[in-house]
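Engineer: Fold the following and give me the result.
(2 chains)
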Number of protein chains: 2
Amino acid sequence: MRIEADSSSCVVAVDAGGTSVRALALALDGRCLGLSRMDGGNPLVVGGSQVARGVAAAVAAAVAEGGADPSEVGGIVVAMTGHMPDGDLGYLGECLKELGVTAFPTLVPDILATFFSGRDAGEGYALVAGTGAAAIRVERSAIAAAADGLGHLLGDVGSGFWIGQGVVRAALAGLDGIGPQTKLTELLQAELPRRTTWPLHSRAEGLIAMVEALHARPARDLARFAKLAFAAAGDPVADRLVSRAADGLARTLAAVATEPWPAVFSGGILAAYPRLAQMVIVRAPKLGPVVVVPDGLAGAAAMALREALGRSIPDTLGRINQTLAPLRERHRAANRETKVKAA
Amino acid sequence: MRIEADSSSCVVAVDAGGTSVRALALALDGRCLGLSRMDGGNPLVVGGSQVARGVAAAVAAAVAEGGADPSEVGGIVVAMTGHMPDGDLGYLGECLKELGVTAFPTLVPDILATFFSGRDAGEGYALVAGTGAAAIRVERSAIAAAADGLGHLLGDVGSGFWIGQGVVRAALAGLDGIGPQTKLTELLQAELPRRTTWPLHSRAEGLIAMVEALHARPARDLARFAKLAFAAAGDPVADRLVSRAADGLARTLAAVATEPWPAVFSGGILAAYPRLAQMVIVRAPKLGPVVVVPDGLAGAAAMALREALGRSIPDTLGRINQTLAPLRERHRAANRETKVKAA
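Structural biologist: Below you'll find the predicted structure:
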């Protein structure tokens, strides 16, 4: 949808991740006006209609913070993992209309938005390792090839789930005597709810209590134990796990990498642990410069502007980031303040 | 519960596995009288009360086939994976009473019954690899140590699920270019429902169609692809997977093995593939003779007789197996006949 520059005053970019939905309202010259954040996100996890309501609410909140009128929104780009059925997309349109936003949303793959968060040009690679893991090659601003992203049961090698499950399996195997002793056992134990008696070396009590505590959570929660692999740096079992994750991510990137182009790294794991990113770069085929970005929000914003204007404006990403950083900082400070007040 | 030899004419053994419940009625001298088989079994999968009804029906059918009266049943031993809450056990007692069986059932761990299917003495090891995987050390006829059996998310290394998931991951990784090419890809493709177009080398259609077909099933169904690792013998990826399964099972056995005692191997994977059993034996610590048994039914029968008589009778297992084999053969033939008629 191309709009006349004078018929509307802003566009909105949405990054709907697995744990939160972030929306950003921007002026047509790339200045960030308002930011919002809601819970929820992945339609596979919480259901499409709940996601639609969350996205619509986030859009309205960002527009309000930006001091704009909902009717002035000239375009919306929603970056999302996985697929939203047409029916859910229609429902999202209705939710937006109810809030006064008549622009119809465009869905884009979140990994493509992530790419544009780090690249102002149409060629290169994105590698994401958060709860899941995937890589793409971008040519002429579109996805030309993809690898992995097959979900935690079938793929997602080197993802947070993959590492977290490895941590838990190694921690329990060490305790059970079927794998080497590892520091991961006590680190995992410290993360699980305490029982009255929990002797570490008695299978009957210690191990079974841990297994029961782990089985009491949804399987996807294993991703939150990935951090223990990094916390236990120096432990041979943990180091081997991180090394195998880097091997897997490098193979995923290699499957799409044909030219020495720049790459964008992102995701809750890859962006949080520079050590892992460095290990992937060492193992990956020859790449251009690698930039690490926190998420796909700036990229979704760049896509929303391009779509609304029907053309690129010079240094879009620089303009977006220049005004997005202070907005983010203000939100972080407000969030800290809320937490302090609540404490 | 000890009973007088003349107050009842038979005992019943039940082997309640993940996919079926088998019941065997025996005379007190060890002669097998009647056999039955029902669907269902694992309370974690189908719910406790459904299991209770299935077990009760299987008991009644075995007693009827044996030409005995339900009131003559002097003892029932039920071998089962996992735990049955007391409430469900009470409900099983009620279901049995409704069918005229007043004896109250005793639950035993199915891996211990499996041990007694292969051993007439009180010391040794059992290693089971079916959908799950676990090992025990038996001393004085009771479980003295156990390893693994932690479920497919956290453990069960070398089990049918573990191998099946490895098959699927390797098959998809080969197709996706993130792992080596493997024969497993075409074998897996042949197992999945066909789509109209399914080009093997286009990620967009071939890979995604396979991933969708796999995600459409319950996760535990991955165990059924374990057979492909053996069907693809000679393929380096498949051979490496089987070798790693053997490593894992050998480590599980090693975690409980303290003496060169005999071992009993069983389970849908370990009993079906002598090649795997041989690889485990080569990797395991020094063991006594290894015997492979199909399930825990004969062992549960031996336990039921011991419990009913309050003592062991010489060569119990030999007596049971001598009359169980022809009963099983008759049932298999009848089953074949039913299938031929249905075809």
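
Engineer: List, one by one, the residues from chain A near chain B.
Structural biologist: In this structure, chain A approaches chain B at residues A:145-148, A:150-151, A:153-155, A:157, A:165, A:168-169, A:172-173, A:176-179, A:203, A:207, A:211, A:214-215, A:219, A:222, A:248, A:251-252, A:254-255, judged by CB under 8 Å from any CB of the partner chain. C-betas here are computed from N, CA, C, even on glycine.

Engineer: Select from those residues every entry located in strands.
Structural biologist: Mapping these onto strands (DSSP state E) picks out A:145-148.

Engineer: Serialize those to TSV and add fields for distance to residue B:24.
Structural biologist: Putting those into TSV (distance: CB to CB, whole Å) gives the following:
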residue	distance to residue B:24
A:145	58
A:146	54
A:147	52
A:148	49
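
Engineer: and of those residues, the nearest to residue A:105?
Structural biologist: residue A:146 (22.6 Å; CB to CB).

Engineer: Could you report the neighbour count for the closest one?
Structural biologist: The tally of other residues near residue A:146 (other CB atoms under 10 Å in any protein chain shown) stands at 22.

Engineer: could you point out where the stretch 201-343 of chain A is predicted with low confidence?
Structural biologist: When residues are selected by pLDDT under 70, those of the stretch 201-343 of chain A lie in A:201-205, A:337-343.

Engineer: Just the buried ones out of the residues of chain A next to chain B, please.
Structural biologist: Among the residues of chain A next to chain B, those scoring as buried are A:145-148, A:150-151, A:153-155, A:157, A:165, A:168-169, A:172-173, A:176-179, A:203, A:207, A:211, A:214, A:219, A:222, A:248, A:251-252, A:254-255 (criterion: 16 or more other CB atoms under 10 Å in any protein chain shown).

Engineer: helix/strand/coil for residue A:143?
Structural biologist: Secondary structure state of residue A:143, per DSSP: H, G, I helix; E, B strand; the rest coil, is strand.

Engineer: Quick one: the strands in the stretch 1-150 of chain A, in order.
Structural biologist: Using DSSP state E, counting those that start in this stretch, the strands found in the stretch 1-150 of chain A span residues A:10-16, A:20-27, A:32-39, A:73-80, A:105-109, A:124-129, A:133-139, A:142-148.

Engineer: Take those and lay them out in JSON lines including mean pLDDT.
Structural biologist: Formatted as JSON lines, the strands of the stretch 1-150 of chain A follow (pLDDT from 0 to 100):
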{"stretch": "strand A:10-16", "mean pLDDT": "93"}
{"stretch": "strand A:20-27", "mean pLDDT": "92"}
{"stretch": "strand A:32-39", "mean pLDDT": "90"}
{"stretch": "strand A:73-80", "mean pLDDT": "92"}
{"stretch": "strand A:105-109", "mean pLDDT": "91"}
{"stretch": "strand A:124-129", "mean pLDDT": "97"}
{"stretch": "strand A:133-139", "mean pLDDT": "95"}
{"stretch": "strand A:142-148", "mean pLDDT": "92"}
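
Engineer: Give me the contacts around the helix or strand where residue A:238 lies.
Structural biologist: Counting by DSSP states H and E, the element that carries residue A:238 is helix A:236-254. Around helix A:236-254, the neighbours that count as contacts under CB atoms under 8 Å, 6 or more residues apart in numbering or on different chains are A:125, A:127, A:129, A:133-135, A:147-148, A:157-158, A:162-163, A:166-167, A:170, A:174, A:179-180, A:182-184, A:228-230, A:232-233, A:263, A:270, A:275-276, A:279-280, A:282-285, A:287, B:178-179.

Engineer: 6 Å instead?
Structural biologist: For helix A:236-254, the external contacting residues (CB atoms under 6 Å, 6 or more residues apart in numbering or on different chains) are A:127, A:129, A:135, A:147-148, A:157-158, A:163, A:166, A:170, A:180, A:182, A:184, A:229, A:232, A:276, A:279-280, A:283-285, B:178.

Engineer: from these, which would you call buried?
Structural biologist: A:127, A:129, A:135, A:147-148, A:157-158, A:163, A:166, A:170, A:182, A:184, A:229, A:232, A:276, A:279-280, A:283-284, B:178.

Engineer: isn't residue A:81 right up against residue A:111?
Structural biologist: No: using CB atoms under 6 Å, residue A:81 is not in contact with residue A:111; the gap is 8.1 Å.

Engineer: buried ones in stretch A:293-306?
Structural biologist: Applying 16+ other CB under 10 Å to stretch A:293-306 flags A:293, A:295-306 as buried.

Engineer: Out of those, give me the two with the largest separation.
Structural biologist: Top of the distance list for the buried residues of stretch A:293-306 (CB to CB): A:295 and A:306, 18.5 Å.

Engineer: before we move on, the earlier item: counting only helices, which of the contacts of helix A:236-254 make the cut?
Structural biologist: Cross-referencing these against helices under DSSP state H gives A:163, A:166, A:170, A:184, A:229, A:276, A:279-280, A:283.

Engineer: For these, please prepare a markdown table with the additional fields distance to residue A:22.
Structural biologist: A markdown table is the format used below for the ones in helices among the contacts of helix A:236-254 (distance: CB to CB, whole Å):
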| residue | distance to residue A:22 |
| --- | --- |
| A:163 | 24 |
| A:166 | 29 |
| A:170 | 34 |
| A:184 | 32 |
| A:229 | 27 |
| A:276 | 24 |
| A:279 | 29 |
| A:280 | 25 |
| A:283 | 31 |
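
Engineer: Among those, which one lies nearest to residue B:96?
Structural biologist: For those, the minimum distance to residue B:96 (CB to CB) is 44.1 Å, reached by residue A:170.

Engineer: my read: that closest one touches residue A:184, true?
Structural biologist: Yes: taking CB under 6 Å as the definition, residue A:170 is a contact partner of residue A:184 at 5.3 Å.

Engineer: Taking the stretch 201-343 of chain A, what residue is nearest to chain B?
Structural biologist: residue A:255 (3.8 Å; CB to the nearest CB).

Engineer: and that residue, backbone torsions?
Structural biologist: Note on residue A:255: backbone dihedrals following degrees, to the nearest 10 are phi -70, psi -20.

Engineer: can you give me the mean pLDDT across stretch A:165-181?
Structural biologist: Computed over stretch A:165-181, the mean pLDDT rounds to 95.

Engineer: Alpha carbons of it, as CSV, please.
Structural biologist: Taking C-alpha atoms only, stretch A:165-181 is exported to CSV below (Å, rounded to 0.1, in the frame of the first residue of the first chain):
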residue,chain,number,x,y,z
GLN,A,165,17.7,-29.0,26.8
GLY,A,166,21.4,-29.9,26.5
VAL,A,167,22.1,-28.3,29.9
VAL,A,168,19.3,-30.2,31.6
ARG,A,169,20.2,-33.5,30.0
ALA,A,170,23.8,-33.1,30.9
ALA,A,171,23.0,-32.0,34.5
LEU,A,172,20.7,-35.0,35.1
ALA,A,173,23.1,-37.5,33.4
GLY,A,174,25.9,-36.3,35.6
LEU,A,175,23.7,-36.9,38.7
ASP,A,176,22.5,-40.2,37.4
GLY,A,177,26.0,-41.5,36.7
ILE,A,178,25.4,-42.0,33.0
GLY,A,179,27.4,-38.9,32.0
PRO,A,180,30.4,-37.0,33.4
GLN,A,181,30.1,-34.9,36.5
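
Engineer: This completes my enquiry, with thanks.
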